[in-house]
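1. requesting a structural model of the entry that follows:
(chains A and B)
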Amino acid sequence: MKDLFRGELVRLTSEEPELRAKHEVRWQRDTEFHRLADSDPAELTSEKKLKEWFDKNAEGGFKPERHAFSIHALDDDKLIGFLVLWVNLIYGEVWVGIGIGERDYWGKGYGTDAMKLGVQFAFMELGVQRVSLGLHEYNARALKSYEKVGFKFEGRTRWDVLREGKRTDTLWMGVLRDEWLQMQQGEPQ
Amino acid sequence: MFDIATQLFEGQDIRFGPIDYEKDPEIESKWTHNAEFMRLYDFEPARPMSAAIVKKQYEKLEKKIEEDKNLYHFMIRAKTDDRLMGKAMIARIEWTNGNCSVRVGIGSAEDQRKGYGTQALKLLLRFAFAELNMFRVSANVAEYNEGAIALLKKIGFTEEVRRRQSLEREGRRWDLLVFGLLKDEWANQASA
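-> Residues are numbered from 1 along each chain as shown, chains lettered A, B, ... in the order given. Just a heads-up that it's a prediction; the model follows:
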């Protein structure tokens, strides 16, 4: 059987509240990172408060509706980002969100590798029918990465985000279970 | 349209009002026993609810409105006799981005297909654009909800996203459509 939590460049781990909070404080200061990953306004939170938040999530234990992972690079085992899956088992759908907070690891395939693990986890472990995500249209790197994983473009909500006084679209993508299974067998899409 | 004397909660045959904890639970309880209505109004699995449960849901909703501040909820009533006809909601408001999502449902069978839903949606859009100052409004609808799709198109919404096979009902999977309407499109439409 495949190792669900180990890819070619990264591995997925549980979230360690202390370590995670320490990194989050630093990542929050990087507003370019924030604006690539999120559509809410940027904010700064104390390490204490963040740790409490991650503690609370960890204590919640297994939740069928939310799976949060830390992403570690395999070469140096450094914590470089996060991956979160929101699960709707009734309709067999997972929403996925990812962020690589460590800029040195951008554009080198780490995020793509982590997303592959996330999608594999959704289809092979959670048994859902589809995985969905959204991204900002100005995040060209993310678009390329998601296409590599197998996500297909499904439309754009026009001008729904306002950044730096400019209106920008959110792009929406999805991958279906059958499409993903075919990809695993090396068949062209 | 931007005259402040314009009543935001008064339509032609309908008006928006708050929840009536005495009378509404009984009526809405009946709607929840109608699986067709539930499947058109909501993506949550249909579930019949007693009047007591409906009342609890109202309390939860009003608490959420107070705490989250990103939600508005109105009861749709007939102007003639004030009877409860349906519900209208603005949800998932992102204040900094100026976007939100809307939903309208006419619950009682005798009030359906008479244009009350259209009136309610128009009133709701005026509230979203002229009072909440939204820049755009979204509406999510299942591909099998032909009535809603026709209404959204008539009002000027554009189909923007087709989330393939997102829902499962009646043993098959269905697409979920996202429609969008921008403030300018609404203003042009309203003045035309």
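2. OK, contacts around whichever residue of chain B sits closest to chain A?
-> Distances between chain B and chain A by CB to the nearest CB are smallest at B:Val161, namely 3.0 Å. Using the backbone N, CA and C atoms, a C-beta is placed for each residue, glycine as well. The contact partners of B:Val161, taken as CB atoms under 8 Å, 6 or more residues apart in numbering or on different chains, are A:154-157, A:172, B:177-178.
3. kindly recompute the last result at 6 Å.
-> A:154-155, A:172, B:178 (CB atoms under 6 Å, 6 or more residues apart in numbering or on different chains).
4. mark which of the residues you listed are buried, thanks.
-> A:154-155, A:172, B:178 (16 or more other CB atoms under 10 Å in any protein chain shown).
5. distance to A:Tyr110 added to the residues you listed, as a markdown table?
-> Shown next, in a markdown table, are the buried ones among the contacts of B:Val161 (distance: CB to CB, whole Å):
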| residue | distance to A:Tyr110 |
| --- | --- |
| A:Glu154 | 25 |
| A:Gly155 | 28 |
| A:Trp172 | 24 |
| B:Val178 | 31 |
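6. now those in a markdown table, with distance to A:Tyr91, secondary structure and pLDDT?
-> Listed next are the buried ones among the contacts of B:Val161 as a markdown table, based on distance: CB to CB, whole Å; DSSP: H, G, I helix; E, B strand; the rest coil; pLDDT from 0 to 100:
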| residue | distance to A:Tyr91 | secondary structure | pLDDT |
| --- | --- | --- | --- |
| A:Glu154 | 16 | strand | 98 |
| A:Gly155 | 18 | strand | 98 |
| A:Trp172 | 16 | strand | 98 |
| B:Val178 | 16 | strand | 98 |
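7. between those, which is nearest B:Pro48?
-> B:Val178 (28.9 Å; CB to CB).
8. and the residue of chain A nearest chain B?
-> Counting by CB to the nearest CB, chain A gets nearest chain B through A:Gly155, at 3.0 Å.
9. with adjacent residues omitted, what lies nearest to that residue?
-> B:Val161 (3.0 Å; CB to CB, 6 or more residues apart in numbering or on different chains).
10. pretty sure that neighbour sits in a strand.
-> Yes - counting by DSSP: H, G, I helix; E, B strand; the rest coil, B:Val161 is part of a strand.
11. and the gap between it and B:Glu168?
-> As judged by CB to CB, to the nearest Å, B:Val161 and B:Glu168 stand 19 Å apart.
12. swap in B:Tyr41?
-> Distance, B:Tyr41 to B:Glu168, using CB to CB: 17 Å.
13. give the residue farthest from the middle of chain A.
-> In chain A, the residue that sits farthest from the middle, by CA atoms, centre = their mean, is A:Gly165; the gap is 26.7 Å.
14. helices along chain A, start to end?
-> In chain A, the helices defined using DSSP state H lie at A:17-29, A:31-37, A:47-59, A:110-124, A:140-149, A:177-184.
15. I'd like the next helix or strand past the lengthiest helix in chain B.
-> Longest helix in chain B, counting residues (DSSP H): helix B:51-68. Going down the chain from helix B:51-68, the next helix or strand is strand B:72-78, by DSSP states H and E.
16. near chain A, which residues of chain B? Just list them.
-> B:96-97, B:99, B:136, B:160-168, B:180 (CB under 6 Å from any CB of the partner chain).
17. contact residues of chain A facing chain B?
-> Checking chain A against chain B by CB under 6 Å from any CB, the hits are A:41, A:91, A:93, A:130, A:154-155, A:157-158, A:160-162, A:172, A:174.
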